[in-house]
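Asks: Quick one, structure for this:
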Amino acid sequence: MNLLRDWKSLPSAARGGAVSIGNFDGVHQGHARLVAQLTAQARRLGGPAVVFTFEPHPVRLLRPDSAPPPLTWIDRKAELLGELGVDWVFAYPTDQALLNKSARAFFEEIVCGRLQAQALVEGPNFFFGHDRLGTVDVLRQFCAEAQLHLEIMQPLRLDGELVSSSRIRQLIQLGAMAEAARLLTQPYRIRGMVTHGAGRGATIGFPTANLAAVDTLIPAAGVYAGLAYVAGERYAAAINIGPNPTFGDPQQKIEVHLLDLQRSLYGQPLEVDFSARLRDIQAFAGVEALQTQLAQDVLAARQLAVPRLA
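Replies: Numbering: from 1, shown residues only. Next up, the predicted model:
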């Protein structure tokens with residue numbers, strides 16, 4: 001999979017194939033179903049499967065105060081799409097010039113001109129162009145005029161409910177990580193930089209990496225099991241999100257205890273997957289009670305990590 005960010009680097013190999021335009025936030029099972037049709041169309045044409053997405057999401061320019069936190073950063077999004085079979089991801093640098101383009105100009109300049117698309121695959125709620133005036137019906141008209149094949153995919157439902165980025169966001173805000181993972185194509189992941197914390201974890205036998213500068217949605221407060229990724233290696237991890245009431249510390253933090261890793265990670269990037277929520281944040285009567293519970297958390301995290309580390 002190749003990630004591109006400007007037209008100057010768009011090679012001929014990325015043109016003339018099947019294209020899907022959208023945000024693909026989280027890359028969930030509904031997106032996977034759409035991508036399966038995209039790659040099928042690309043094989044039929046003998047061309048590339050291309051996703052055209054936006055960086056940042058247009059709503060961050062149009063209505064920044066109401067923009068929800070994203071579920072994925074662009075490199076992660078491209079990685080997940082590549083795992084589904086996408087050949088090229090073009091992350092268009094969203095600006096006012098793009099937002100001002102009419103639906104006709106967007107279609108002619110970008111879809112037909114730059115990408116030279118031979119087929120389009122979209123969902124039923126697709127909009128494009130200035131003020132979102134380009135509806136699916138408008139797209140059908142443009143594609144018919146340009147003799148461009150169009151597939152409109154129906155939304156995916158699991159257990160009778162629509163699979164969507166909004167639904168997944170709600171689950172993550174509740175800490176329901178296993179349920180969110182079922183709708184996603186991979187367990188939910190965040191990233192950040194390891195910074196200095198209070199250092200209490202190391203003094204009681206459970207050193208943690210304090211994660212800062214997280215640029216995606218942070219799950220609800222609680223203790224979680226997951227995997228941590230650092231310097232190309234994977235480790236089972238127990239993750240604490242929230243305050244430390246046992247020590248009277250109200251500050252909201254993300255603390256990651258990497259099992260079987262002893263070295264310092266200060267100043268390094270760290271990524272963390274969430275497998276399951278283990279428990280609520282709670283205050284303990286003392287350090288010994290906290291240590292007993294942390295040992296149980298670590299054991300649970302290790303057991304949940306075994307199948308994924310095998």
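
Asks: got a list of what the nearest residue to Gln41 once chain neighbours are set aside touches?
Replies: Closest residue to Gln41 apart from its sequence neighbours, by CB to CB, 6 or more residues apart in numbering: Ala18 at 3.8 Å. Where you see a C-beta, it was placed from the backbone N, CA and C, and this is true even at glycine. Residues in contact with Ala18 (CB atoms under 8 Å, 6 or more residues apart in numbering) are 38-39, 41-42, 44-45, 47-50, 117-121.

Asks: Identify the bridge partners of Ala18.
Replies: For Ala18, the beta-bridge partners are Ala49, Ala119 (DSSP bridges).

Asks: Over to Gly134?
Replies: Bridge pairing for Gly134 - DSSP bridges - gives Phe128.

Asks: Check Pro269 too.
Replies: Met193.

Asks: For burial, what's the neighbour tally of it?
Replies: Neighbours of Pro269 under the rule other CB atoms under 10 Å: 14.

Asks: And for Ala310?
Replies: 5.

Asks: cool, and Ala305?
Replies: Other residues close to Ala305 by other CB under 10 Å number 22.

Asks: what helix or strand does the closest residue to it other than its chain neighbours sit in?
Replies: Nearest residue to Ala305, sequence neighbours excluded (CB to CB, 6+ apart): Ala236, at 3.4 Å. Per DSSP states H and E: Ala236 is located in strand 233-244.

Asks: which strands and helices sit next to that strand?
Replies: For strand 233-244, the packing partners by 3 or more CB pairs under 8 Å, 6 or more residues apart in numbering; DSSP states H and E come out as strand 222-230, strand 249-258, strand 269-279, helix 287-309.

Asks: Report the buried residues of that strand.
Replies: Buried residues in strand 233-244, defined by neighbour count with 16 or more other CB atoms under 10 Å: Tyr235, Ala236, Ala237, Ala238, Ile239, Asn240, Ile241, Gly242, Pro243, Asn244.

Asks: wait, doesn't the fifth one sit right on Leu227?
Replies: Put plainly, it is Ile239. No - contact criterion CB atoms under 8 Å: Ile239 and Leu227 do not qualify, at 9.8 Å.

Asks: picking that back up, got a quick PyMOL command for the buried subset of the contacts of Ala18?
Replies: Restricted to buried positions by 16+ other CB under 10 Å, the PyMOL selection for those reads:
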select buried, resi 38+39+41+42+45+47+48+49+50+117+118+119+120+121
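
Asks: can you tell me the helix or strand for the residue nearest in space to the middle of the chain?
Replies: Nearest to the mean C-alpha position of the chain, by CA atoms, centre = their mean, lies Thr72 at 2.5 Å. Using DSSP H and E, Thr72 maps to neither a helix nor a strand.

Asks: what's near enough to touch it?
Replies: Asp25, Gly26, Val27, Leu80, Arg189, Thr216.

Asks: Which is the succeeding secondary structure element to the lowest-mean-pLDDT helix or strand in the chain?
Replies: Using mean pLDDT, DSSP states H and E, helix 200-203 stands out as the lowest-scoring helix or strand of the chain, at a mean of 79. Sequence order places strand 209-212 as the next helix or strand after helix 200-203, per DSSP H and E.

Asks: isn't there a strand covering Val121?
Replies: Yes - assessed by DSSP: H, G, I helix; E, B strand; the rest coil, Val121 belongs to a strand.

Asks: How about the contacts made by it?
Replies: Here Val121 is in contact with Ala18, Val19, Ser20, Leu34, Gln37, Leu38, Gln41, Leu150, Glu151, Met153 (CB under 8 Å, 6+ apart).

Asks: And for Gln116?
Replies: Gln116 neighbours (CB under 8 Å, 6+ apart): Arg15, Gly16.

Asks: Unless I misread the structure, it falls within a strand.
Replies: No - remark: Gln116 does not belong to a strand; assigned using three-state DSSP, it is coil.

Asks: quick one: it from Gln291, how far?
Replies: 62 Å (CB to CB, to the nearest Å).

Asks: same thing with Phe24?
Replies: Counting by CB to CB, the gap from Phe24 to Gln291 is 43 Å.

Asks: Also Leu258?
Replies: 18 Å.

Asks: okay, those two: which has more neighbours?
Replies: When neighbours are counted by other CB under 10 Å, Leu258 and Gln291 differ, and Leu258 comes out ahead with 24 against 14.

Asks: how near is that one to Glu151?
Replies: 44 Å.

Asks: and Arg182, how many neighbours?
Replies: As a burial measure, Arg182 scores 16 neighbours (other CB under 10 Å).

Asks: looking at it, it is touching Leu158, isn't it?
Replies: Yes - assessed by CB under 8 Å, Arg182 is found in contact with Leu158 at 7.4 Å.
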